[in-house]
Each structure stands twice: as structure tokens, then as C-alpha cells.
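S.K.: Model the structure of this input:
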Amino acid sequence: MCCPYDELVTQPGSPTGGPRPRGPGAEAFVVTPFTRVARTHAVLVAGDALVALALAGSLFFSIEPDAARGRVALYLAFTIAPFALISPLIGPAIDRARGGRRLMIVLTALVRSAACFLMVRHLNSFLLFPEAFAALVAGKGYHVAKSALVPTVVRTEADLVQANSRLALLAGISGAVAFIPGGILLRFGGSEWVMAFAAIVFSFGAILALKIPATSVATEPADEAERTELRGAGIIAAASSMAVLRGIVGFVAFLLAFHLRSIDAATIWFGVLLGASTLGNMVGAVTAPVLRRTQREELILAGVLVITTAVAGFVALSGGLGGATALVFTVGFAAGAGKMSFDSIVQRDAPDANQGRSFARFETRFQLVWVAGAIIPTILPFDVLSVRLGYVVISVLAGFAAFTYVAALRAIARGERPQPIRIPAKVRDPVVARARDTATHLRGRVAARRSGRARPSGQDPAAGEQPPESA
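M.R.: Alright, predicted model coming up:
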């Protein structure tokens with residue numbers, strides 16, 4: 001797959017800031033496309049942190065939990081609709097449009113800025129709920145666009161996991177730094193001042209996003225090779241496990257939000273749990289690339305599921321806000337490390353797939369599962385005594401995901417894959433036959449790459465024969 005980054009940084013007058021400087025040390029002054037994305041990401045994540053801080057002292061967390069459940073569940077259900085449209089309908093058109101994903105980042109930043117300006121006046125009104133969830137939907141949409149854009153602004157596909165790790169680390173740092181001015185404004189001005197500051201930050205993020213190079217994520221629709229690779233058993237099993245982790249993240253967030261309200265916990269505990277989640281995600285994102293040097297990606301993904309199972313089971317027995325903090329940190333760590341591992345698996349097992357388009361599709365599905373996980377504790381009336389049941393549910397889900405993932409990996413290793421349906425030769429269409437031959441050819445290419453076999457000059461790395469021409 002052609003890497004748009006190389007085109008951007010080698011052509012004079014490119015969107016990266018003009019001709020590349022010459023002379024010793026000149027490379028240090030080159031503003032790369034990834035740097036522009038990273039700057040935008042840091043600012044937008046800081047805005048999200050400010051919104052969370054402002055909402056902590058607002059009506060959003062002040063009304064009775066039972067009164068809030070219905071509204072929260074309704075708005076969470078509404079968040080599903082935009083993602084249901086983004087993936088099958090809007091997504092392909094945005095991918096092929098030059099600058100489509102950049103435009104999506106700009107629009108989501110502006111939506112969050114407008115929502116924050118509205119929330120300044122409605123922090124003590126029930127209009128706060130639809131405005132807050134509009135910001136939530138825009139934030140989730142941004143992450144989908146960012147996942148699609150990052151593969152187009154790195155030098156090579158081998159740098160993709162490291163780039164995502166740096167973005168996760170940068171997000172944790174910028175979120176923590178945002179709490180300093182946010183805390184000062186909250187102390188002396190109130191939640192309204194924090195929300196207004198968040199609106200300004202999002203507006204600045206939209207301006208920075210305009211500097212991101214206008215590239216096309218995918219110039220053509222997905223071909224048979226890409227679809228075949230992304231339907232591989234290894235990728236499907238990893239995606240299923242990662243989806244469970246994302247669902248657990250949403251489940252934990254709203255389970256503990258309502259739990260803190262039900263026990264009238266101090267506002268500081270909301271900040272403690274948010275900080276633990278951010279720190280866990282940072283540690284996971286930094287640890288995963290290090291572990292990949294000695295461990296397989298599948299082992300890392302299965303390992304974080306097992307760790308989540310054990311910690312959730314222990315917290316179910318011990319309880320307490322300290323245990324909740326440990327669980328939030330663990331879930332954040334598992335989500336961060338798991339995402340890095342999943343990205344590596346897709347890169348390795350789907351080398352012919354368009355990475356930007358593929359990651360955007362997976363990210364959309366993961367966000368939908370996050371919403372589904374968040375709705376469950378919102379609808380079910382978990383009270384002070386039964387919050388431990390939620391911990392048990394987390395432990396069971398993570399344990400089930402770990403068991404099924406390991407079982408799937410063992411089945412794949414033994415070659416126990418579902419056999420395709422046999423179509424009689426007399427009714428088999430030539431196009432279907434070519435698709436099957438192409439899939440066989442692609443499996444040979446993947447096996448050759450895994451075995452490390454050197455590519456002979458002028459020869460494909462597969463078994464030697466090219467896929468037959470269509471009839």
C-alpha cells in the first residue's frame with residue numbers, strides 16, 4: 001500500500017510546511033504530518049478532560065441517580081445512531097474524499113466547542129443532558145476519524161503501533177496538565193468558567209486540525225484481497241476480544257458513576273477514578289510496545305484479559321473505593337495494551353488491507369460496543385449493596401473472553417477452521433471460482449511472510465504461481 005506520508009514529506013511546498021530544510025540539524029525543524037495530528041489530539045483530549053471536570057460539579061452529577069438513569073439511558077441509545085451511519089454509509093465516502101477525515105475532525109471539534117458554550121448557561125438545567133451527550137457523540141466520532149487518519153501520516157506501516165502508543169501517552173499527559181488550569185478555574189470561578197475554557201480549547205483544536213494534510217484514507221473501495229484478509233480467523237478472534245474490553249470500559253465508567261452518586265461520595269473521587277483510568281491507559285500503551293519485543297501480540301491480549309478477570313474478582317470480594325480505583329486502573333491498562341496489540345495483529349495478518357479504512361471500521365464497532373456496555377449499568381438499578389455484582393459481571397465477561405480467545409487460537413494453530421461450502425462445479429460462477437483462487441493465493445502470501453522467506457527477484461512471495469486470470 002502506498003504510504004501518503006512519503007509523498008507529503010518529499011515534495012517541495014507540501015502541507016508539512018514547505019521545502020525540507022537542509023544542513024546539519026535541519027530535520028529537527030521539520031513539522032511532520034504526524035506532529036500536526038499529535039498536536040491536535042493533545043488539545044482535543046485536554047478539552048475532554050476539562051468537560052469532565054466541569055460536569056463533576058454540575059447538575060449532571062447532582063440529581064438523584066434514579067432520576068438520571070432514564071435520561072442517561074435514552075441519550076446513550078441516541079449515540080448509537082451516528083455510528084450506525086458512519087460505518088456503512090458515510091464512512092466510505094469520507095475515506096475516498098481528499099481531506100474527508102480531516103474535515104470530520106474539524107467538525108467534531110466545532111460541535112464540542114458549541115456544546116460547551118451552550119452548557120455554560122445550562123449547567124443547572126435539564127438541557128445539560130442532550131448537550132453533554134452531543135459532546136460525547138462528537139468525541140467518539142473524533143476517535144473514529146483519528147484512527148483512520150493516523151496510518152496515512154506515519155512513515156511506514158511498521159511505525160503505526162509506535163505512533164498510536166505515543167498518541168495514547170500524549171493524551172494522558174495533556175489530560176493531566178489540563179486539570180491544573182481547570183482546577184484553578186473551578187476553585188475561583190465555578191463550573192461555568194471551566195466549561196467556557198473547554199469551549200475555547202476545542203475551538204483552538206479545530207484550528208490546529210486545519211493544518212493536518214488533506215489526504216485520502218482510501219482512494220478505491222475495498223477489493224477482494226482486503227476483505228479476505230480482514231475476515232481471517234486470527235483477526236476476527238482478536239477483534240471479538242478487543243470488543244469485550246471496550247464494552248467493559250463503558251460498563252465500568254457508568255457503573256461507578258452511579259455508584260459514587262448513590263453513596264454521596266465526595267466529588268474528588270470522580271477525579272481520582274478518571275485519573276486512574278487515564279494513568280492505566282498510558283501505562284498500557286507504553287508497556288505494550290515493550291512487551292511485543294519478546295511476546296506475541298496474541299499472548300499480550302489474552303494476558304490483559306486474564307489480569308482484568310483476576311482484579312475484578314478480587315475487588316468483588318474486597319469492595320471499597322480503593323478497590324474500585326484499582327479496577328479502573330486495570331481496565332484502563334488492559335484497554336491500552338489490548339488496543340496496541342490488536343493494531344499489531346491487523347498489520348501483521350492483513351498486509352494488503354488499507355490500514356486507515358480498516359482501523360476506522362473496527363473503531364466504529366468498538367465505540368458501539370462501548371455504548372452497549374454503558375447502557376447496561378444505566379438501565380439496571382445497581383445500588384450500594386449490589387455494586388459488587390457489577391464487579392462479578394466484569395470478571396465473568398473478561399474471563400469468558402480470555403477463555404474463548406485462547407481456545408480460538410489453539411483451534412487456529414491446529415488448523416481447525418470452518419470449511420467453506422462446496423458449490424457444484426456445474427453451477428459455480430467463474431467469478432466465484434476466481435475469488436476462491438485469490439483467497440488461496442493470499443493465504444500463501446501471508447504464510448510466506450510469516451515464515452520469513454526472502455522474496456526472490458521478480459517473484460511474488462507466495463508459492464510461485466500467480467492467481468489465474470478471470471475466465
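
S.K.: Low-confidence ranges, the stretch 251-400 of the chain, go.
M.R.: Along the stretch 251-400 of the chain, segments meeting pLDDT under 70 span 381-385.

S.K.: tell me, how many neighbours does Leu305 end up with?
M.R.: Neighbour count of Leu305, defined by other Cβ atoms under 10 Å: 27. Placement of C-beta: from N, CA and C, glycine included.

S.K.: Contacts only, for it.
M.R.: By Cβ atoms under 8 Å, 6 or more residues apart in numbering, the contact list for Leu305 reads Ser241, Val244, Leu245, Ala334, Gly338, Ala398, Gly399, Ala401, Ala402, Tyr405.

S.K.: rerun that using 6 Å as the cut-off
M.R.: The contact partners of Leu305, by Cβ atoms under 6 Å, 6 or more residues apart in numbering, come to Ala398, Ala401, Ala402.

S.K.: which non-adjacent residue is nearest the second one?
M.R.: If I follow you right, that is Ala401. Closest residue to Ala401 apart from its sequence neighbours, by Cβ to Cβ, 6 or more residues apart in numbering: Val244 at 4.0 Å.

S.K.: For Gln367, see how far away the one you found is.
M.R.: Distance, Val244 to Gln367, by Cβ to Cβ, to the nearest Å: 14 Å.

S.K.: Looking at the two, which one has more neighbours?
M.R.: Between Val244 and Gln367, counted using other Cβ under 10 Å, Gln367 has the larger neighbour count: 25 against 22.

S.K.: Which of the contacts of Leu305 has the largest number of neighbours?
M.R.: Among the contacts of Leu305, the one with the most neighbours (other Cβ under 10 Å) is Ala398, at 27 neighbours.

S.K.: My guess is that one contacts Ala310. True?
M.R.: No - using Cβ atoms under 6 Å, Ala398 is not in contact with Ala310; the gap is 8.8 Å.

S.K.: Look up phi and psi at Ala350.
M.R.: When read as degrees, to the nearest 10, the backbone of Ala350 gives phi -130, psi 60.

S.K.: Hmm, it is touching Glu229, no?
M.R.: Yes - counting by Cβ under 6 Å, Ala350 touches Glu229, with 3.8 Å between them.

S.K.: quick revisit: mind listing which of the contacts of Leu305 are in strands?
M.R.: Among the contacts of Leu305, DSSP state E puts none in strands.

S.K.: Could you single out the nearest of those residues to Ala81?
M.R.: Set against Ala81, the nearest of these by Cβ to Cβ is Ala401 (26.9 Å).

S.K.: Roughly how far does that closest one sit from Ser395?
M.R.: Taken as Cβ to Cβ, the span from Ala401 to Ser395 is 11 Å.

S.K.: Helices along the stretch 201-350 of the chain, start to end?
M.R.: Ranges of helices in the stretch 201-350 of the chain, per DSSP state H, counting those that start in this stretch, are 224-230, 233-262, 268-291, 297-318, 320-349.

S.K.: To what extent is the closest residue to Leu301 other than its chain neighbours buried, counted in neighbours?
M.R.: Closest residue to Leu301 apart from its sequence neighbours, by Cβ to Cβ, 6+ apart: Ser341 at 4.5 Å. Neighbour count of Ser341, defined by other Cβ under 10 Å: 28.
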